[in-house]
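In: Could you work out the structure for the sequence below:
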Amino acid sequence: MDKKIELVEVHRGKHGLNRCLRALGVSKGTWHRHQCRPAVPAADEKLKAEVLSVVREHPAYGYRRIQVELRERTGERVNHKRLRRLLGTWDLALPRKVARPWPSGVRQILRTGRGKLDLVQGREMEPLEALSTDFTEIRYAGGTKKAHLMAMVDVGSAWVPGWAVGSSADRSLALRCWETVKEALAHVGRGTEGVIVHHDHDAVYTSYDWLQTLLIRDRARVSYAERGARDNPWIESLWGHFKVENGSLLSEAATLEELEWVIDRQMLYYNQERRHSGLGYRAPMAYLEDEGIHPKVLVEIGPRSGSVLGAQVPSVLLSSLLVVYLWRRTSPRKQPTGKYMK
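Out: Here you go, the predicted structure:
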């Protein structure tokens with residue numbers, strides 16, 4: 001590029017600037033940037049010669065490999081920030097293009113169902129009919145360490161039936177949280193069949209393990225927030241209140257085990273004692289009891305119409321497509337016979 005700029009400077013007086021730039025394939029913005037570029041220090045000019053030597057031998061090297069090569073050749077440790085800046089100045093930076101992975105079968109189904117993925121928005125949900133969930137990051141040990149918390153909150157009652165804490169926001173943490181939810185639902189006489197689990201398009205929630213567990217094994221239903229956090233306000237509200245009200249307690253936990261203990265204690269307080277304005281200033285458990293939801297009554301009267309096992313919500317096609325796809329993916333294929341066998 002420097003040679004092209006030099007040619008432009010030599011011939012611009014005779015042929016004009018724009019014609020020279022077009023002939024050499026140089027944009028006017030690049031030319032102006034070179035005109036305003038400060039003078040290069042002697043140390044950088046010396047380094048440039050070494051960098052050009054590496055680039056000629058290894059044209060596919062990025063700044064990390066160039067940095068290692070320079071250290072072996074010259075014995076000088078070049079700061080990676082300086083090297084990246086100089087590569088950009090010398091127009092030697094590699095234009096990286098990372099190909100997007102082909103969407104999985106699940107994501108292709110979700111793409112075709114766009115606009116019908118959210119089974120919760122705009123509906124008046126009965127208690128224990130739909131659960132909202134997501135991950136959040138928790139800082140502890142004075143803010144020097146971090147963990148991830150996943151919880152599920154009932155859209156109709158603000159009750160948090162289950163949660164789990166771990167070092168990573170992965171499938172194992174999500175499935176552990178789901179097991180605690182199933183146990184809590186069993187304690188109030190409910191199963192998971194027909195329960196709507198509402199979340200975003202995180203890779204965990206579109207994974208085969210997650211969907212196979214919810215849709216096929218436990219016969220629950222999945223719902224996706226199509227506009228991210230804006231379509232999942234229930235869990236966002238929980239995180240906002242929980243992390244603000246318990247910020248100092250969470251930060252004072254020295255270990256992950258202490259953090260789990262603090263979260264367990266404060267979640268119980270949230271469910272059993274904390275008054276919620278949206279529930280008439282009642283705690284979630286008190287609200288559920290006022291709604292007649294406790295083990296004895298549920299065993300005697302069963303689910304009410306409009307509850308989890310009662311009336312069906314619209315857009316059942318999406319869950320059906322996901323179930324069929326997952327079943328086909330996991331079912332054993334027939335072995336070839338006759339002339340196709342080898």
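In: what residues are up against the residue nearest to the spatial centre of the chain?
Out: Centroid check for the chain by CA atoms, centre = their mean gives residue 202 as the closest residue, at 4.2 Å. Residues near residue 202 by CB atoms under 8 Å, 6 or more residues apart in numbering: 134, 135. In this view, the C-beta of every residue, glycine as well, is placed from N, C-alpha and C.
In: What separation is there between it and residue 130?
Out: Using CB to CB, to the nearest Å, residue 202 is found at 18 Å from residue 130.
In: Need the pLDDT of the residue lying closest to residue 166 once chain neighbours are set aside.
Out: Leaving aside its sequence neighbours, residue 166 sits nearest to residue 173 (CB to CB, 6 or more residues apart in numbering; 4.1 Å). Looking at residue 173, its pLDDT reads 96.
In: Residue 123 now?
Out: pLDDT, residue 123: 88.
In: How about residue 66?
Out: Taking residue 66 on its own, its pLDDT is 88.
In: what about it, which helix or strand?
Out: In this assignment (DSSP states H and E), residue 66 forms part of helix 63-74.
In: Tell me the helix or strand right after that helix.
Out: In the C-terminal direction, the helix or strand that comes right after helix 63-74 (DSSP H and E) is helix 80-89.
In: For the helix or strand that comes right after that following helix, which helices and strands make contact with it?
Out: Following helix 80-89 in sequence order, the next helix or strand is helix 105-112 (DSSP H and E). If you count contacts as 3 or more CB pairs under 8 Å, 6 or more residues apart in numbering; DSSP states H and E, helix 105-112 packs onto helix 316-330.
In: now with 10 Å?
Out: Using 3 or more CB pairs under 10 Å, 6 or more residues apart in numbering; DSSP states H and E, the elements in contact with helix 105-112 are helix 208-211, helix 316-330.
In: other SSEs contacting whichever strand or helix holds the residue nearest to residue 166?
Out: Element membership of residue 173 [criterion: DSSP H and E] is helix 171-187. Under the contact definition 3+ CB pairs under 10 Å, 6+ apart, helix 171-187 sits against strand 130-140, strand 145-154, strand 162-166, strand 196-199, helix 208-211.
In: Give me the neighbour count for residue 158.
Out: Applying other CB atoms under 10 Å, we find 24 residues neighbouring residue 158.
In: which residues of this structure score low on pLDDT?
Out: 1-2, 36-41, 95-99, 294-342 (pLDDT under 70).
In: one step back: next, the buried residues of the helix holding residue 66.
Out: 63, 66, 67, 69, 70 (16 or more other CB atoms under 10 Å).
In: Nearest to residue 47 among those residues?
Out: Nearest to residue 47 among these: residue 70, at 7.7 Å, using CB to CB.
In: May I have the residues that are in contact with the closest one?
Out: 47, 50, 51, 53, 54, 76, 77, 78, 83 (CB atoms under 10 Å, 6 or more residues apart in numbering).
In: try it again with 6 Å
Out: Taking CB atoms under 6 Å, 6 or more residues apart in numbering, we find residue 70 in contact with 50, 78.
In: nearest residue to residue 179 other than its sequence neighbours?
Out: Distance criterion CB to CB, 6+ apart; nearest residue to residue 179, sequence neighbours excluded, is residue 162 at 7.6 Å.
In: repeat for residue 272
Out: Closest residue to residue 272 apart from its sequence neighbours, by CB to CB, 6+ apart: residue 285 at 5.1 Å.
In: sec struct for the one you found, please.
Out: For residue 285, the assignment made with DSSP: H, G, I helix; E, B strand; the rest coil gives helix.
In: Cool, thanks, signing off.
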